[in-house]
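Trainee: Need a 3D model of the sequence below.
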Amino acid sequence: MQRNQIYQSPFLFILFVLLSSNSIPLYASTLTSDCAFIADNKQRLACYDQADNPNSSLVGQGSEFSFTEDTAADYLNRTWELSKRFKAGTFRFRPYNPNAVLLWRNSNNPNTAPFTPTQTAPVNTTIQSNELRYQLSFKTKLWQNVLGSSLDLWFGYTQQSNWQIYNQDTSSPFRETNYEPELILTIPMHTKILGFNWKLLNIGLSHQSNGRSNPYSRSWNRTYLKASFEHKKFLLAISAWQRLSELPINDDNPDINMFMGSGDIRLTWVGQDNKLSILGRYSFGGDNGALQLSWVFPLRGHLKGYAEYFSGYGESLIDYNHNQKIFGLGLLISTWP
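Mentor: Residues are numbered from 1 along each chain as shown. Predicted coordinates for the structure are as follows:
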């Protein structure tokens, strides 16, 4: 592959820069390196004291322990078990993407005639603008400390279903379900960039499809890099992906990159009770993009309310090339983001 081809792909460019530097730690990180990122003096000293106590009861209890209660500090360390203190072993289920039910969501432009360059479906005027969506997502660690290093290998799975539950005239069908299994290699990072603590780099392999036959079939396979950062109450995730090519005869959506682009950016503010998030992506090749705003707010106990606004292309696989605005309201069942 020529060097100019590397620069033309965001995914390959980021991978090239990382592999050309010494920023990826290949062997086990120490707990004390995590302590250095804690701004509060008392909390930082407590962290160092914790590191000196190998018999601490907090080892492996990452899902229950945090240095601060009202900020995003150490969130990535806990949820991805980046240091020894949080390691919890393999084959334990953890939340991955949000587990949520949007009890009501409304589209200003329902996709009644899905099409691609190779597939055209008949017009379906029975599709309603109001529907219900639920998302189930988990991850589990397959291999802890890969080959004696600090790297972990995870399996992730996300399923998202759009249900025309209010459309009783057509027996309330499921309009679209997307399935996405992933393999994820996590690399702990210990670098500061523009005030943010770079805590994690994920290298992933993803397959996403809707499991339908033509002319509704949609799918793609991707490799991706996802860099995750923390700063006080903020979480920042920057992703870049490369679609894996398919034979033209098997490709149901050959132009998906023109609408979904080659990456996205998510910024999340984490408060005591509320969380706000903005997700953006843009395809420079197709001049198309999307913007998603999310709000998590308290209801009762661990039950949270969840509101979401989406504008643009790619709200689901069947809608990857369909432009619409959607507002939804419902419940969040698991951690965020």
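
Trainee: Verify the stated contact: residue 248 with residue 117.
Mentor: No: checked against CB atoms under 8 Å, the pair residue 248 and residue 117 is beyond contact range at 10.2 Å. For glycine as for every other residue, the C-beta is placed from the backbone atoms N, C-alpha and C.

Trainee: and those two? which has more neighbours close in?
Mentor: Neighbour count, other CB atoms under 10 Å: between residue 248 and residue 117, residue 117 has more, with 12 against 8.

Trainee: which residues does residue 153 form a beta bridge with?
Mentor: residue 143, residue 185 (DSSP bridges).

Trainee: neighbours of it, just the number please.
Mentor: As a burial measure, residue 153 scores 16 neighbours (other CB under 10 Å).

Trainee: Contact partners for it?
Mentor: Residue 153 makes contact with 141, 142, 143, 146, 183, 184, 185, 186, according to CB atoms under 8 Å, 6 or more residues apart in numbering.

Trainee: which of the residues you listed has the most neighbours?
Mentor: Highest count within the contacts of residue 153 by other CB under 10 Å belongs to residue 186, 24 neighbours.

Trainee: Verify the stated contact: that residue with residue 225.
Mentor: No: assessed by CB under 8 Å, residue 186 is found out of contact with residue 225, at 11.7 Å.

Trainee: any shared contact partners between these two?
Mentor: With CB under 8 Å, 6+ apart as the test, residue 186 and residue 225 both reach 201, 202.

Trainee: what's whatever helix or strand residue 94 lives in packed up against?
Mentor: In this assignment (DSSP states H and E), residue 94 forms part of strand 93-95. Contact here means 3 or more CB pairs under 8 Å, 6 or more residues apart in numbering; DSSP states H and E; on that basis strand 93-95 packs against strand 130-143.

Trainee: Packing partners of the strand it packs on?
Mentor: For strand 130-143, the packing partners by 3+ CB pairs under 8 Å, 6+ apart come out as strand 93-95, strand 100-107, strand 152-163, strand 324-332.

Trainee: what about the closest residue in space to residue 172 that isn't next to it in sequence, neighbour count?
Mentor: Ranked by CB to CB, 6 or more residues apart in numbering and with sequence neighbours excluded, the top spatial neighbour of residue 172 is residue 165, at 5.0 Å. By other CB under 10 Å, 16 other residues sit near residue 165.

Trainee: For my notes, confirm residue 85 occurs in a strand.
Mentor: No: going by DSSP: H, G, I helix; E, B strand; the rest coil, the assignment for residue 85 is helix, not a strand.

Trainee: Residue nearest the middle of this structure, spatially speaking?
Mentor: Central residue check for the chain by CA atoms, centre = their mean: the C-alpha nearest the mean position is that of residue 97, 5.7 Å away.

Trainee: Assign that residue to helix, strand or coil.
Mentor: coil.

Trainee: got it, and residue 77?
Mentor: helix.

Trainee: That one contacts residue 189, doesn't it?
Mentor: No: with contact defined as CB under 8 Å, residue 77 does not count as touching residue 189 (11.1 Å).

Trainee: circling back to that earlier point, tell me the contacts of the residue nearest to residue 172?
Mentor: Residues near residue 165 by CB under 8 Å, 6+ apart: 131, 132, 172.

Trainee: Residue 273 too?
Mentor: Residues near residue 273 by CB under 8 Å, 6+ apart: 297, 298.

Trainee: One more: the one 5 residues further on?
Mentor: When contacts are counted by CB under 8 Å, 6+ apart, residue 278 is found next to 266, 267, 268, 291, 292, 293, 294.

Trainee: List the backbone torsions phi and psi for residue 250.
Mentor: Main-chain dihedrals, residue 250, degrees, to the nearest 10: phi -100, psi 0.

Trainee: any idea how far residue 192 is from it?
Mentor: 45 Å (CB to CB, to the nearest Å).

Trainee: more crowded one of those two?
Mentor: Counted by other CB under 10 Å, residue 250 and residue 192 do not tie: residue 192 has more neighbours, with 12 against 9.

Trainee: Nearest spatial neighbour of that one, chain-adjacent residues omitted?
Mentor: Using CB to CB, 6+ apart, the nearest residue to residue 192 is residue 198, at 7.0 Å.

Trainee: can you give me the helices in the stretch 151-300 of the chain?
Mentor: Remark: helices assigned in the stretch 151-300 of the chain by DSSP state H, counting those that start in this stretch are 257-260.

Trainee: What ranges does it have for its strands?
Mentor: Taking DSSP state E, counting those that start in this stretch, the strands of the stretch 151-300 of the chain run over residues 152-163, 174-193, 196-209, 219-231, 234-243, 263-270, 275-283, 288-300.

Trainee: Perfect, I'm done here.
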